[in-house]
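A.B. asks: what shape does this take:
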Amino acid sequence: MIGGCSLPLQKRERRSTLSAASKSGTLAQSFDVETGKTTRLLAEIAGNIRAMNVIYGTPAPRIVNGRTVVFVTGQYFPGSNGVAALFSIDLDSGVAKLVDGGSSDALNWWIDPNGSVIARTSYNESKKRWSLSLKKAGSWGEAYALDTPWIRRTSWA
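C.D. replies: As a prediction, the model looks like this:
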């Protein structure tokens, strides 16, 4: 179970917080109903990627190759500044992978039912430009763009 709630753990007779909301994101944790174990979702990231254990928006669960995988928007640090990124987390192993490094302009990603990333949106604040990009043959291509001063970043801090 993933969410921002508290549940009683019957075996231990205590309450466990699964996630805690803040102004800029939600602490990312998974709760195993069978074992009562809580695990940080972005604790182990393949490739030693530096990231915060915070997600933005709603997790997108998928069954990929017979395994339950959750896709989340998070923040990682390719240098000294954090940028939005899309991660996939295998709930059985607990290992997260950086799926798309995004950029400081990235807002959202769309994942098809099979777990493939198919689109993302971006907003360049200085240029006041919103864009939709589609992923084809492993590369991003801009499909639509709109110059607009009124879009506000709402997906992540």
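A.B. asks: so who does Leu42 touch?
C.D. replies: 28, 51-55, 72, 74, 87, 89, 96 (C-beta atoms under 8 Å, 6 or more residues apart in numbering). (C-beta placed from N, C-alpha, C; glycine too.)
A.B. asks: for those residues, which one is nearest Val64?
C.D. replies: For those, the residue nearest Val64 by C-beta to C-beta is Ile89; the value is 11.0 Å.
A.B. asks: and the closest one, what does it touch?
C.D. replies: Contacts for Ile89 (C-beta under 8 Å, 6+ apart) come out as 30, 41-42, 69-72, 95-97.
A.B. asks: just Asp147 next, same as before
C.D. replies: 127-129.
A.B. asks: do that again at 6 Å, thanks
C.D. replies: Arg129 (C-beta atoms under 6 Å, 6 or more residues apart in numbering).
A.B. asks: phi, psi for it please.
C.D. replies: Dihedral angles phi and psi of Asp147 (degrees, to the nearest 10) take the values phi -90, psi 120.
A.B. asks: who does it bridge with?
C.D. replies: Listed by DSSP bridges, the beta-bridge partners for Asp147 are Arg129.
A.B. asks: and for the residue nearest to Ser30 when sequence neighbours are not counted, the neighbour number?
C.D. replies: Distances taken as C-beta to C-beta, 6 or more residues apart in numbering put Thr39 closest to Ser30, at 4.9 Å, once the chain neighbours are dropped. By the measure other C-beta atoms under 10 Å, the count of residues near Thr39 is 15.
A.B. asks: no further queries at this time; thank you.
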